[in-house]
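Engineer: I would like to see how this sequence folds:
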Amino acid sequence: MPKVTYVSDEGEVRVVDSAVGDSVMQTAVRNGVPGIVGECGGVLSCATCHVFVDEALLDRLPPMTDLEDEMLDGTVVDRCPNSRLSCQLKMSDELGDLRVTTPEAQE
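Structural biologist: Here you go, the predicted model:
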């Protein structure tokens with residue numbers, strides 16, 4: 001079972017088991033991880049699940065779609081090269097464990 005390590009903007013770390021097929025956002029919301037709102041429920045119509053992916057893991061992720069790229073322009077905290085929407089990151093055994101950091105604000 002893959003794990004997601006969530007790091008808050010203040011450095012607090014929480015490791016959560018994720019079901020294969022669930023998104024990083026679904027895993028966070030289901031487990032009460034602070035810092036990820038997921039206001040739209042994962043349908044790619046908001047940016048309240050913005051995360052910064054550990055740069056060493058970026059090459060394991062699927063490419064960003066044009067719509068995700070556009071939505072990231074609307075984040076509260078400025079996007080960075082390692083910004084992704086956690087609703088678009090689906091967990092799989094092939095992907096393995098992920099480490100993401102939440103921004104200081106989502107809304």
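Engineer: Just the helices from the chain, written as ranges.
Structural biologist: 24-30, 66-72 (DSSP state H).
Engineer: is it true that Gly42 touches Met25?
Structural biologist: Yes - using CB atoms under 8 Å, Gly42 is in contact with Met25, at 5.5 Å. For every residue, glycine as well, the C-beta is placed using N, CA and C.
Engineer: and the two? which has more neighbours close in?
Structural biologist: Each of Gly42 and Met25 has its neighbours counted (other CB atoms under 10 Å); Met25 has more, 26 against 19.
Engineer: what is in contact with Gly42 and Met25 at once?
Structural biologist: Counting by CB atoms under 8 Å, 6 or more residues apart in numbering, the shared contacts of Gly42 and Met25 are Cys49, Cys87.
Engineer: follow-up on the earlier one: may I see the helices of the chain organised as CSV, with distance to Asp9 and mean pLDDT added?
Structural biologist: Conversion of these to CSV gives the following (distance: least, CB to CB, whole Å; pLDDT from 0 to 100):
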stretch, distance to Asp9, mean pLDDT
helix 24-30, 14, 97
helix 66-72, 17, 97
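Engineer: Since that was my last question, I'll sign off now.
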